[in-house]
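K.L.:
my questions concern the predicted model and sequence given below.
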Amino acid sequence: MLTILKLAWRNIWRNKRRTTITIASIMFALFFAIIMRAFQIGSYVKMKQNAVESYSGYFQVHKKGYWNDKNINAVFGMPEDSIEKLAENPKIKVIIPRLESFSLASSGTISKGVVVMGIDPEKENEMTKIKTYLKEGSFINSTDNSILVASDLAKFLNVKVNDTLVLYSSGYHGSTAAGLFPVKGILKLPMPEMNNSTLYMPIIAAQNFFSTENQYTGLIFDLYSINDAPIVEQTISKQLNLNKYEIIDWQVMNKDLLQMIASDNAGGIIMIAILYLVIAFGIFGTVLMMTSERIREFSVMIAIGMQKAKLIWVVIWELVLIIFIAVFAGILLSLPVLIYFYYNPIQFTGEAVQAMKNFNFEPVMPVAINIQLFVNQAIAIILISMLAMMYPMLKIKILKVVQGLKS
């Protein structure tokens, strides 16, 4: 085997120009494939993170059946010490209680149906960074009986800071929910749908308004990593009575986003396939030249006693060495670029910033760095190489020595 490797190594450098061009073509194609895929995967991870951390959390706990109709009667109570016990999991950053329902908001002669979000202000801010969206006024605290109104909703209702909104709704078990709430602040929310119809109030005020006492519509779980979501969800499900509660994960709550990512990913795969096609032509072209130009050489080696099987192994190892050098060089070339953009992501400027914020996306283009990214590209090239190896194997196997010596 060592002799075969030595022969293969010497053979590939007999024509240095051809070998260098082949290695360079594979290396740069692999480089661009890795870079493009890293930016794609990085942007998908960021999009998921933005969607999760702007509203839904990584998963939510509700009373069983709440998610299907989101009725105010489907509330549940859980002692604070029980919530704290769930939060002891080191992978959980914070558990946020919410009371969500709908109401009619009126100011003068103008009325509109709105989403009322009862929140714990400090805990909510830990995940959604809601304070950063404050456009006017001041932020609410847990003991306030005032509200924060989304800017487009405030504009529609013609209210400003220190004005009062009338809220009228149906409360818990059909009770009447009505109240006057001063506007303490105006929020510019990044999601247009929420910015048109959402107002926030402290969860204690919301519980009093809807007459739910110390009950919630959901507990929202924020984690340190999206990769921990399945494990933490499984752990929490074991701690809860699933006959009483339901756990809805972020994938169910963000189906539209995942469908958009899947569609974009399909386009990315097509682009990667084109790059692999370039690599395939480079590899096959090398194999074709390497085989056709050396028919006489192969015939001489067989004539003086070399077995065809060993000759096939020499040619295979030649290709393996070329591919190994090219793959190693491609990965080595891409690493500094990935590391740089991982710590210094591309920042969008101009109109692109506002466009991305309107869709609740942070105006940056991050990259992802993980071992799978490199492994997938290497596997693809190995598969292409295995197909290319079929040609010299077949050519040597059917080679007629006499005709080969005359070529």
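P.N.:
Here it is on my side, so go on.

K.L.:
isn't residue 48 right up against residue 229?
P.N.:
No. Counting by C-beta atoms under 8 Å, residue 48 does not reach residue 229; the two are 10.0 Å apart. For the C-beta atoms, the positions are set from N, CA and C on the backbone; glycine is no exception.

K.L.:
what residues are shared contacts of the two?
P.N.:
Here residue 48 and residue 229 share the contacting residues residue 250, scored by C-beta atoms under 8 Å, 6 or more residues apart in numbering.

K.L.:
what's around residue 266, how many residues?
P.N.:
Using other C-beta atoms under 10 Å, residue 266 has 9 other residues around it.

K.L.:
for it, phi and psi?
P.N.:
Backbone torsions for residue 266, taken as degrees, to the nearest 10, come to phi -60, psi -40.

K.L.:
ok, longest strand in the protein?
P.N.:
strand 92-107 (DSSP state E).

K.L.:
how about the helix or strand following that one: buried residues?
P.N.:
Once strand 92-107 ends, the next helix or strand along the chain (criterion: DSSP states H and E) is strand 110-119. For strand 110-119, a neighbour-count test (16 or more other C-beta atoms under 10 Å) marks 114, 115, 116, 117, 118, 119 as buried.

K.L.:
make JSON lines out of these and add distance to residue 299 and pLDDT.
P.N.:
Output for the buried residues of strand 110-119, formatted as JSON lines (distance: C-beta to C-beta, whole Å; pLDDT from 0 to 100):
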{"residue": "114", "distance to residue 299": "85", "pLDDT": "93"}
{"residue": "115", "distance to residue 299": "81", "pLDDT": "93"}
{"residue": "116", "distance to residue 299": "86", "pLDDT": "93"}
{"residue": "117", "distance to residue 299": "81", "pLDDT": "93"}
{"residue": "118", "distance to residue 299": "85", "pLDDT": "93"}
{"residue": "119", "distance to residue 299": "82", "pLDDT": "92"}
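
K.L.:
Serialize those to CSV and add fields for distance to residue 142.
P.N.:
Shown next, in CSV, are the buried residues of strand 110-119 (distance: C-beta to C-beta, whole Å):
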residue, distance to residue 142
114, 21
115, 20
116, 16
117, 14
118, 11
119, 9
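
K.L.:
which one of these is nearest to residue 256?
P.N.:
For those, the closest approach to residue 256 (C-beta to C-beta) belongs to residue 115, at 17.6 Å.

K.L.:
and the spatially closest residue to the closest one that is not a sequence neighbour, how many residues sit next to it?
P.N.:
Leaving aside its sequence neighbours, residue 115 sits nearest to residue 198 (C-beta to C-beta, 6 or more residues apart in numbering; 4.9 Å). Burial measure for residue 198: 21 neighbouring residues, criterion other C-beta under 10 Å.

K.L.:
what about the residue lying closest to residue 137 once chain neighbours are set aside, how many neighbours?
P.N.:
Spatial nearest neighbour of residue 137, excluding adjacent residues (C-beta to C-beta, 6+ apart): residue 185 at 3.4 Å. By the criterion of other C-beta under 10 Å, residue 185 has 21 neighbours.
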